[in-house]
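A.B. asks: structure, please.
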Amino acid sequence: MLLLGTGAPLAAPASPTFTGAPTAMPPTHAPSTTPRPSAASIQHITLERDCQGCTSILRLELPRGGPAMAHQIGKARHRTADSSASAPLPAAEFEALAQALVAAGFFSMADVYQDESLADGAWATVTVRHAGGTHSVFRREDAGPEALKALEAALDALQARLHFVPVQR
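C.D. replies: Numbers count the residues shown, from 1 in each chain. Below is the predicted model of the structure:
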């Protein structure tokens, strides 16, 4: 073997010497030593929903400090237009949601919950941005833990309580 650019031979690495029993391989999915995010570290919560027959995609965005934004993203096949609305987001409402996310174990939930036999169907994604990164959980149809469904219901209830005003474009 030649060392590039010099023409000099490259020495072969020494063979390792094994003594005793082979060591165990580390697990492929070792438990995380990263601390779970706290409610205080959560900066932004997003709920996004769609389905095959839905006329638009819903995206609810809740940034810490507000305002809340509700977007309806139109679909060409249904000839629907995009629209957005904003609402003041009380700090106490955001904090309650952040605490609910942590209490429900959101950061320990799998990334995806779906029946592999379903290629289509209603879906929802909850995404949380926190000081240490982002975690998203996708579910299709009725898949996923009850805690995830309860979080989605809490997001829906908050959206219903807020007073959204259309944003002029």
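
A.B. asks: mind listing what's buried in stretch 128-146?
C.D. replies: Applying a neighbour-count criterion of 16 or more other C-beta atoms under 10 Å, one finds 128, 129, 130, 135, 137, 138, 139, 140, 143, 144, 145 buried in stretch 128-146. (Glycine included, C-beta is placed from N, CA and C.)

A.B. asks: and for stretch 112-132?
C.D. replies: Within stretch 112-132, the residues scored as buried using 16+ other C-beta under 10 Å are 113, 114, 123, 124, 125, 126, 127, 128, 129, 130.

A.B. asks: repeat for stretch 45-60
C.D. replies: Going by neighbour count (16+ other C-beta under 10 Å), the buried part of stretch 45-60 is 45, 46, 47, 48, 49, 50, 56, 57, 58, 59, 60.

A.B. asks: picking up where we left off before, out of the buried residues of stretch 128-146, list just those in strands.
C.D. replies: Judged by DSSP state E, the buried residues of stretch 128-146 include 128, 129, 130, 135, 137, 138, 139, 140 as members of strands.

A.B. asks: in TSV, list these along with pLDDT.
C.D. replies: Output for these, formatted as TSV (pLDDT from 0 to 100):
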residue	pLDDT
128	98
129	97
130	97
135	96
137	97
138	96
139	95
140	93
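
A.B. asks: from residue 152, how far out is the most centrally placed residue in the chain?
C.D. replies: Geometric centre of the chain, nearest residue: residue 136, 1.0 Å, by C-alpha atoms, centre = their mean. To residue 152, residue 136 is 13 Å away according to C-beta to C-beta, to the nearest Å.

A.B. asks: overlap of the contact sets of these two?
C.D. replies: Residues touching both residue 136 and residue 152 by C-beta atoms under 8 Å, 6 or more residues apart in numbering: residue 126.
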